[in-house]
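*Asks:* I need the structure of the sequence given here:
(3 chains)
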Amino acid sequence: MQKLLCGIAGVALAVLGGGAAKAQDSVKIGMVSEYSGQFADTGAQIDHGVELYIKQHGATVAGKKIEIIRKDTGGIAPDLAKRLSQEVIVRDHADILGGFSLTPNALASADVSAQAKKFMVVMNAATSVITEKSPYIARTSSTTPQLNYTLGQWAAKNGIKTIYTMVSNYGPGIDAEIWFQKGFKDGGGTIVGSVRFPVASPDFSSFIQAAKDKNPDAIYIWIPGGAQPAAVGKALAERGIDPKKTKILGQDALASETALKSMGDIAIGMITVSDYDFNHQSPMNKAFVQAYNDQYHRNPDFFSIGGYDGAHLIYAALKKDGGKVDGDSLINAAKGLSWESPRGPVMIDPQTRDIVQTVYIRRVEKVGNQLLNVEIDAVPHVKDPAHGAKK
Amino acid sequence: MPPVFGVLFDGIAYGMLLFLMSVGLSVTLGMMNFVNLAHCSFAMLGGYVTVTLMNALGWPFFATLPVAFIAGAVASIVLERLFFRRFYNSNELNQCLLTIGIVFVSIAAAAYIYGTDQQPMQLPPYLQGSIHFRGLDLAVYRLFLIAAAALITIVLVVTLEWTRFGAQVRAAVNNQRMARGLGIDVDTLFGFTFALGGGLAGLGGALAIAMLGLDPSFALTYLIYVLIVVSVGGLGSIAGSFAAAMLLGVADMAGEYYIPALSSVLIYLVMLVMIMWRPSGLFGRR
Amino acid sequence: MTSDSIAAAARETAPAGARDFLRGQIRWRWSEIVFWLATLLPFVLAPDYLVLASQVAISALFALSLDLILGFSGIVSLGHAAYFGVGAYTAGLISVWGWGEPLTGLVVAGIAAGLVGYVTSFVIARFRHLALIMITLGFGLLLQEAANSAGWLTGGFNGLQGIHTWPLLGKFEFDLYGYTAYAYALAGLFLIFLVARRIIHSPFGLALRGIRENGARMPAIGAPTHSHIRTIYTIAAIIAGIAGAMLTQSTETVSLEALGFQRSADVLVMLILGGTGKLYGGIIGAVVYMVARDQFAGLNPQYWYFWIGLLLIAVVMFLPNGILGGLELLAESAKAQWAKSKWAKTP
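*Replies:* Okay, here's the model as predicted:
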């Protein structure tokens, strides 16, 4: 093996050497998020949200300078997410953890937050249980039960009697199925059938056919986004299902901006539930969308707002506790904070540290030349129904 | 007609989509024995070319297809001259590492140029919707995919089996030294073959994005499916890939309709059974 | 080098000669000793990087396990994470069920992975080339889907929750800085490396290399090819399982990606990058790949893929037998140059 083996070891160690010195008057936010890979767009939008907030409100808060350190998990990789969280605290001396668009990664990093007593802001991952894993976690996005239970109840109240549900066969999809069905049944509706399709499914026509065979009032579809909304739209069109007659229900990703562009007019009439859309009508949101477009040349989405409000929560908590950065001070400051966000009024629940917010029911309509999500109903002050619910 | 025909139709169309994505690899891996894991990067290039021409320049869908083919061909011939040709006689592990490196670079480059979001893509109206035929909904785009796949198969088989070019390629693959001895310019020939494979990948990508969507992870996401089609079909056989794609497509769609609980594993199960039954593929020569 | 050694081995027909050959192979070189001493340096030089170092050591162990089947027996696998994942989940499950002691956890995880490896080895031994690659790939994907469906057992997509690893030897907590994790992973890597080294330099190891070089001819000289392949495949599965268990125990997490295609592909890349069939190749590859990734991703979290891709292309263009192979070549030519110049100076 020659003498060079030791040389290599030496070089590797030299690369490893060198830490960072801690500046006293700065607050470092370690963003552990998906900057590359399949979920890179989610990571990018969250990051835009955080960055824009800092740009608009100045990089100094409570006399301290805010610094962002970005760590890329590259996708679903809890071991890596946990390591990056450890490293960003140990190596880069981060005071606050942020980011987290995927539940497995957030759950793994929650351990670090608990162990190191660091404030952690979950800016997207939507499984209820995350905030229960560490007493220092707060969430600024939404939870799957919060949105889907609300949609289920809304559907039952609005004249829909029978529903067929179809969801991606993995954690978040199953979570959505359970809570939507629960909401719908609690409201008196009947589930006439359900299917869980493979996460990577590129073609939905057979599943849609099976749903059509049952002839329900509405079909509920939950997919993670990406390329799939377009595939769903295509399958609906081919199977001759018109969302204006057989109602199509779903969560935000089904009718995201790119999804609508790819689906075209077949999407008209789809009803989805969300906590944010760039088409939300309020002066504050208009200004936010404008600023976002000026900076990033695209519209913000529900990922962006999670990052934007996440940054707000960090700023507000720091202001309230006078710039103290330890986990206990920050989480105590965060509990019960409420503010006006571009999405509407939001609050951090003092008991669960989860977000309480208005949940919007929207319908896809053609406004001018553009397909938009138009709000048709809003349920104010929705808490996550899963916290404290019997498991 | 009973729903089984609808499922069969969808399955065949899905299979043809798989075929269009993988036929280029069937040429490079199957005929030239070059493990080109960057195959889907060429497909991704074709996809981005089509999307850019349609959305930014307003070209009609059909006009973009030849450009996607040419883009894939040019890119692959450039890479072939720069890198691949040095590895024809190297072991397959080095080919893997080289082409995986290219995949990584292509993903980062796509993310840098186009951003990480899904590229919206709207088919022209005459390719949308479906035709009603005796109680079946036959989607127009699926009919189009089937026709395209059939056409490409015929052209390829004719080119590779019945033309001078095809005979030379087969000779060069079977025995390089002998082919050189007969005065065949093997270097140029392999360059052209590689361009053909890359061009087909670009075209396949352009045709597939309407169904599969397009973002930078495209280069890796569909690689497994493509490998499955080529290996089940058998190396060196265009017809084998065609048959394998059809089989896998029908099995997948039938599984989704009749046994949804198994649908996520069905394609892998079918692959395992097929490969154990015929290790060198359906129509494999080696 | 290895094909030479086989030729050399073949030339030695007398049993005593073969013994001497093997004995010569197994002697420790001083470069190896320095290498292993150098692995202790992170404790002193880079205490902030110990968590990374622990995961590098675990990946190195995983790559070593792949090297045993790929580098020494010619079995290309695109599904090796299956055994890593079985080990990882086994260690996680026994912890969730109330037994968090790490060392016994490793043993149980190794046995579980070994059992799965033994059962699958009957299929593996029958196939070669592309068919073998696709079978390993398919098996890995099937297992991952099965783990996804068995959410009641594995926790599904969210990963297994509630893993708690007890202090190592009853004393050392797995700390935030990774001191315990690195010591644990390094000790495991070293001990298993010793075992692997012994196996490779045994008559059985020589027979494996014969299978790699010419699988058809080995049965002709009376070597039981299939049973040899089954044995080494099972050993490799056990080691992969132990690596997986170490990752679970030191991070207290395990999720579906432990079984995933990505992990299988990553370990293959690391091994080829370092150099196959050299025992140290996987270790060097893991160090270079993971440190490079960490540094590139730190500098450029969105586009680090670009730089790591360039690294792979550069290595394969300029060092066709991996980093280690290239370095060996350089060292040999330097040695030859040196010898020649000395010879030239003394007329």
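
*Asks:* going forward, measure contacts and count neighbours with C-alpha atoms only.
*Replies:* Fine.

*Asks:* quick one, phi/psi of the most centrally placed residue in chain A?
*Replies:* With distances taken as C-alpha atoms, centre = their mean, the residue of chain A nearest its centroid is A:Asn124 (2.9 Å). The phi and psi torsions at A:Asn124 (degrees, to the nearest 10) take the values phi -150, psi -50.

*Asks:* again, but for A:Gly30
*Replies:* The phi/psi pair for A:Gly30 (degrees, to the nearest 10) is phi -90, psi 110.

*Asks:* Quick check: buried residues in the one helix or strand C:Val288 maps to?
*Replies:* Per DSSP states H and E, C:Val288 falls inside helix C:280-299. By 16 or more other C-alpha atoms under 10 Å in any protein chain shown, the buried positions in helix C:280-299 come out as C:280-294, C:296-297.

*Asks:* and the following helix or strand past it, what other elements does it pack with?
*Replies:* Later in the chain than helix C:280-299, the nearest helix or strand by DSSP H and E is helix C:304-318. Secondary-structure packing of helix C:304-318 (3 or more C-alpha pairs under 8 Å, 6 or more residues apart in numbering or on different chains; DSSP states H and E): helix B:92-114, helix C:261-274, helix C:280-299, helix C:322-345.

*Asks:* want to throw these into CSV with distance to chain A and mean pLDDT?
*Replies:* Output for the helices and strands packed on helix C:304-318, formatted as CSV (distance: least, C-alpha to the nearest C-alpha, whole Å; pLDDT from 0 to 100):
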stretch, distance to chain A, mean pLDDT
helix B:92-114, 8, 92
helix C:261-274, 10, 92
helix C:280-299, 6, 92
helix C:322-345, 6, 79
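
*Asks:* okay, the ones you listed, which one's buried deepest?
*Replies:* helix C:261-274 (a mean of 25; mean count of other C-alpha atoms under 10 Å in any protein chain shown).

*Asks:* elements contacting that one?
*Replies:* So helix C:261-274, by 3+ C-alpha pairs under 8 Å, 6+ apart, packs with helix B:92-114, helix C:50-70, helix C:81-96, helix C:129-149, helix C:280-299, helix C:304-318, helix C:322-345.

*Asks:* so that helix versus helix C:322-345, what angle?
*Replies:* 0 degrees (axes from the mean of the first three to the mean of the last three C-alpha atoms, to 10 degrees).

*Asks:* From the chain's centroid, how far away is helix C:261-274?
*Replies:* Helix C:261-274 has its C-alpha centroid displaced from the chain centroid by 10 Å (C-alpha atoms, centre = their mean, to the nearest Å).

*Asks:* Tabulate the CA atom coordinates of it in CSV.
*Replies:* Extracted C-alpha coordinates of helix C:261-274, given in CSV (Å, rounded to 0.1, in the frame of the first residue of the first chain):
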residue,chain,number,x,y,z
PHE,C,261,-30.9,3.0,-3.6
GLN,C,262,-29.0,6.3,-2.9
ARG,C,263,-27.0,4.7,-0.1
SER,C,264,-26.2,1.7,-2.2
ALA,C,265,-25.0,4.0,-5.0
ASP,C,266,-23.1,6.3,-2.7
VAL,C,267,-21.1,3.4,-1.2
LEU,C,268,-20.3,2.1,-4.7
VAL,C,269,-19.1,5.5,-5.7
MET,C,270,-16.9,5.8,-2.6
LEU,C,271,-15.4,2.4,-3.2
ILE,C,272,-14.6,2.9,-6.9
LEU,C,273,-13.3,6.4,-6.0
GLY,C,274,-10.9,5.0,-3.5
